[in-house]
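> model this:
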Amino acid sequence: MDVYQAIATRRDVRAEFTGQVVDDATLMKLLQAAHRAPSVGNSQPWDFVVVRETEMLDTFAAHVADHRQRFADSLPEERRNTFDPIKIEGIRESGTGVVVTYDHGRGGPHILGRHTISDVGLFSAVLAIQNLWLAAVAEGIGVGWVSFYEEQFLSELIGAPTHIRPIAWLCVGPVHEFAERPDLERFGWRSGRPLQDAVHWGRYRP
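The predicted model follows:
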C-alpha cells in the first residue's frame, strides 16, 4: 500500500473493531511512525500513554457516553434523529487507547520556529497523530479519534502533570474492514467538500 492508498482508505473507526487487542510489536511500529513526525525545532512535544486496563477503559467510556448524551440533548429534533444512530467511539471494543499528550515546555523556552506562532508545537503533536493513523491503515489496524471528553477528566485519569495537555484519545485495534464511506457521510450528518471548493489561487476567495 502506498501513501496515497493509505490516505484514501483511512477512516475514523468506530464499529468495525474485531475485539482483538493489537499486539505490542505492531503497536510499537505505529508509535515509532508517530515519533518520526516533524516537529517545530525538533522539540518532539508529544508523549503516548497506552491504556489497556479494563477499569480505565470502562471509566472513560462512561464519561464519553455522558457527554455524547449531553450533545444529543442539545440538538434540534431533525439533527438529533440524524445523530442518534452514529456511534462515536470504540473504547471498549478496540481494547487499546492511546492518549496523545502535548508538552508546551518540551525543549525549553526558546523553540526554533515557535517565536511568532505559539500553536506550532500543538500542530507538531497533531502531525504525530496523522503519522500513526496512516501507518495503522498500512498495517490493517483501525484508529478512532474520541473527542467527547473533558480534558481535566482525562488528565486525572492518566495521571498527567498539570502542564501536560491530553489532545487525543485514539482507539487502536484490528478491524474487520475499513468502511467504504466515512460514517458521517453514510449517516447523513455531513458530506465532504470537493477539492475545488478548498483551493484558492493567490488570495483567499470565499
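> Off-centre distance for the strand or helix carrying Trp145?
According to DSSP states H and E, Trp145 maps onto strand 141-146. For strand 141-146, the distance from its own C-alpha centre to the chain's C-alpha centre is 6 Å (CA atoms, centre = their mean, to the nearest Å).
> which helices and strands sit right next to that strand?
Applying 3 or more CB pairs under 8 Å, 6 or more residues apart in numbering; DSSP states H and E, we find strand 141-146 packed against helix 91-94, helix 120-138, strand 164-174. No exception for glycine: its C-beta is placed from N, CA and C like everyone else's.
> can you rerun that using 6 Å?
Helices and strands touching strand 141-146, by 3 or more CB pairs under 6 Å, 6 or more residues apart in numbering; DSSP states H and E, are strand 164-174.
> mind listing what's buried in whichever helix or strand comes after the strand it packs on?
Per DSSP H and E, the first helix or strand lying C-terminal to strand 164-174 is helix 183-186. Residues Asp183 are the ones in helix 183-186 that count as buried (16 or more other CB atoms under 10 Å).
> Tell me the helix or strand right after helix 183-186.
Downstream of helix 183-186, the first helix or strand assigned by DSSP H and E is helix 195-198.
> In PDB, please show the C-alpha coordinates belonging to that following helix.
Extracted C-alpha coordinates of helix 195-198, given in PDB (Å, rounded to 0.1, in the frame of the first residue of the first chain):
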ATOM      1  CA  LEU A 195     -11.300  19.800  -3.600                       C
ATOM      2  CA  GLN A 196     -12.000  22.700  -5.900                       C
ATOM      3  CA  ASP A 197     -14.000  24.400  -3.200                       C
ATOM      4  CA  ALA A 198     -11.000  24.400  -0.900                       C
END
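> tell me the angle the strand holding Trp145 makes with strand 164-174.
Counting by axes from the mean of the first three to the mean of the last three CA atoms, to 10 degrees, strand 141-146 points 140 degrees away from the direction of strand 164-174.
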